[in-house]
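# Sequence first, predicted coordinates after that:
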Amino acid sequence: MLDFLYYPVSAVMWFWHQVFGLVLGPSNGVAWALSVVFLVLTLRALMIKPVLSQMRSAQKMRRLAPHIAELRKKHGKDRVKLAEETQKLHREHGVSPLGSFLPALVQVPVFIALLHVLRYFNRPGLSFEQNAALPNYVFGPDEVRSFLEARLFGAPLSSYIAMPQNLLDSFGAHVDRWHVVVVAVPLILAAAVATHVTARWSQRRQQLDPATPGAGIMKLFPWLFPLGVVAGGLFFAFPIAILVYWLTGNAWTLAQQHLITKKLDREEAALPPVVAVAESARGPKPGQKPVAPRPGAKPVTRTHVAPKQAAPKQAAQHPARKEAAPKQAAQKQAARKPGSPRSKPVRTAGTGQA
């Protein structure tokens, strides 16, 4: 049913096994483990662009935090209105709170396909020889036998802790369950810790808003994912090769997040600050009567106005006026004294009138 996933995943793994098998030997357990590791690296390298888009979206969410806090103050009692306004704000700025989990969701089909391919190397109900005689998608019978004979620190790569004893015995008398436990348990613990650190770091960078639908469940993801790894490794059919896949994927994620975060921080430092909330959107001060805005009036933002400086004296503004000021004062003073020649009326030329 999912052959469109099984064949590509098995083809990538086959290619890397051919590369490492030439150097280490086709049945070497390290060669097979490295083929799983580089399968992860190949798939994750193809996902760098969507991961970068997701982390940019999370960066926008952090920049919108003051706006969301303002909406929370305004609609704190109306949870439905708060959720509507928050979603509207997210749409206006082109961000999605659920976008940070899309890369992880894309990996789920790949994980299912790899689990299916690895389990088909050792199919339940068949003996070692029967499995070694059957192909496994792009792997031929000889390559299936090579995988079944591969050991990683003494444990078969296709084995798991809860494997039935009859299947475990099919690997040979030199393989014991304790060989599987000694190799699988450290891988399970390391994969669980890496999963927790990766999910927690991603959630802290995203700063998920509590008003977002499903935010409460998302906060549990850093704990649910590691528990899934532990349960799958201890009680379900998670082969050692799957644990290698899981550990490699989380190690890649930690390194990728560290490098991309530095890049995004440099981009954010060059961005202008987010526009402040308009003053008309703020509530009135305590005791102040709210005033309805006029129709068509633009929202006014609160700005700082510098104090107005006192204008200089008029006499000091222009040099000509500064020189004429003493003469004008003397004329006014002479006009007030009776009998002064300057106080006599001056005849206007050509009129004969005073």
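Structure received.
# Could you use CA atoms for every contact and neighbour count after this?
Will do.
# So which bits of the helix or strand harbouring residue 51 are buried?
Using DSSP states H and E, residue 51 falls within helix 48-63. Using 16 or more other CA atoms under 10 Å as the burial criterion, the residues of helix 48-63 that qualify are 51, 52, 54, 55, 56, 57, 58, 59, 60, 61, 62.
# Give me the contact list for stretch 141-150.
Stretch 141-150 has contacts (CA atoms under 8 Å, 6 or more residues apart in numbering) with 26-29, 32, 121-122, 128, 131-136, 156-158, 171.
# any idea which of the buried residues of helix 48-63 is the one closest to residue 20?
Nearest to residue 20 among those is residue 51, at 28.7 Å by CA to CA.
# Any of the contacts of stretch 141-150 buried? List them.
The buried subset of the contacts of stretch 141-150 - by 16+ other CA under 10 Å - is 26-29, 32, 121-122, 128, 131-132, 134-136, 156-158, 171.
# Quick one: list the elements packing against the helix holding residue 51.
Judged by 3 or more CA pairs under 8 Å, 6 or more residues apart in numbering; DSSP states H and E, helix 48-63 is in contact with helix 102-121, helix 177-206, helix 240-269.
# Mind checking those for the one nearest to residue 229?
Comparing those under CA to CA, the one sitting nearest is helix 177-206, at 5.9 Å.
# how far off helix 48-63 does that closest one point, in degrees?
50 degrees (axes from the mean of the first three to the mean of the last three CA atoms, to 10 degrees).
# Quick one: neighbours of residue 178, just the number.
Counted with other CA atoms under 10 Å, residues neighbouring residue 178 total 12.
# Now do the same for it: its pLDDT.
Looking at residue 178, its pLDDT reads 89.
# Could you report the separation of it from residue 247?
21 Å (CA to CA, to the nearest Å).
# do the same with residue 233
12 Å.
# So for the two, which sits in the more crowded spot?
A direct count of neighbours by other CA under 10 Å for residue 233 and residue 247 places residue 233 higher, at 25 against 22.
# show me the contacts for the more buried one.
160, 161, 184, 185, 188, 239, 243.
# so what's the residue lying closest to residue 21 once chain neighbours are set aside up against?
Take residue 21 and drop its neighbours on the chain: the residue closest to it by CA to CA, 6 or more residues apart in numbering is residue 31, 5.7 Å away. By CA under 8 Å, 6+ apart, the contact set of residue 31 is 17, 20, 21, 24, 25.
# Okay, and residue 31 sits in which element?
Here residue 31 sits within helix 29-46, counting by DSSP H and E.
# mind checking which helix or strand the nearest residue to residue 113 once chain neighbours are set aside is in?
Closest residue in space to residue 113, ignoring its immediate chain neighbours: residue 6 at 5.2 Å, by CA to CA, 6+ apart. Under the criterion of DSSP H and E, residue 6 resides in helix 3-24.
# Now do that helix: which elements does it pack against?
helix 29-46, helix 102-121.
# The first one vs helix 3-24, what angle?
Angle between the axes of helix 29-46 and helix 3-24 is 130 degrees (criterion: the same axes, to 10 degrees).
# Many thanks, have a good one.
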